[in-house]
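[1] Starting from these lines, generate the structure:
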Amino acid sequence: MVPNEPDSVFERGSLSRQAIELVADKWAILILYALSQGTLRHGELGRRIGGISQKMLTKTLRNLERDGLILRKVYQVVPPRVEYSLTPMARDLMGPLSRLCIWAEEHIEKVKAARAEHDARSGEAGTKEG
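    Okay, the predicted model is just below:
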């Protein structure tokens, strides 16, 4: 890379690529998208995001907090209450991330049809469920 040139996402080990990796995970995307609709508690996130284990939810929340994308607020009450919300940096990300989630919901039927057509043409049984 040339000095003073923007950090390219195409460069191995670049900081820009590392930034993409922050949200290149389905659980991170779903957690951020859920939090874009408001502050949630751990259990609320778990119920909202079908199929995520408690262990994976906790791990992903910790990573997102470490990366500066979510805020974890602990209330000193009995029993303890913890809430999660987006940071300003994560709110900046929600435009493209929301569009990605909406695109997925709007196009899944076309994706399933394309897979079926491909599998029929190639004589393969589908190996992934959509």
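[2] Buried residues in the longest helix along the chain, which are they?
    Counting residues, the longest helix found in the chain (DSSP state H) is helix 88-122. Within helix 88-122, the residues scored as buried using 16 or more other CB atoms under 10 Å are 90, 93, 94, 97, 101, 115. In short, each C-beta sits where N, CA and C put it, glycine included.
[3] pLDDT (mean, whole number) over it?
    Per-residue pLDDT over helix 88-122 has a mean of 93.
[4] cool, and stretch 14-21?
    85.
[5] I'd like the distance from it to the chain centre, please.
    Stretch 14-21 has its C-alpha centroid displaced from the chain centroid by 15 Å (CA atoms, centre = their mean, to the nearest Å).
[6] What of stretch 93-105?
    10 Å.
[7] all helices for this protein, in order.
    Using DSSP H, helices in the chain cover 15-22, 26-35, 42-48, 54-66, 88-122.
[8] Quick check: nearest residue in space to the residue nearest the centre of the chain, chain neighbours excluded?
    For the chain, the residue nearest the mean C-alpha position is residue 29 (1.1 Å; CA atoms, centre = their mean). Distance criterion CB to CB, 6 or more residues apart in numbering; nearest residue to residue 29, sequence neighbours excluded, is residue 23 at 5.9 Å.
[9] ok, the residue nearest to the centre of the chain to residue 36 distance?
    Residue 29 sits 11 Å away from residue 36, taking CB to CB, to the nearest Å as the criterion.
[10] Residue 45 against residue 34, yeah?
    Yes. Using CB atoms under 8 Å, residue 45 is in contact with residue 34, at 5.9 Å.
[11] Enumerate the beta-bridge partners assigned to residue 81.
    residue 75 (DSSP bridges).
[12] That one contacts residue 75, doesn't it?
    Yes. If you go by CB under 8 Å, residue 81 and residue 75 touch, sitting 4.2 Å apart.
[13] returning to that earlier point: and the buried residues of helix 88-122, which two are furthest apart?
    90 and 115 (32.0 Å; CB to CB).
[14] Quick check: the residue nearest to the centre of the chain vs residue 49, distance?
    10 Å.
[15] Model confidence for residue 3, exactly?
    42.
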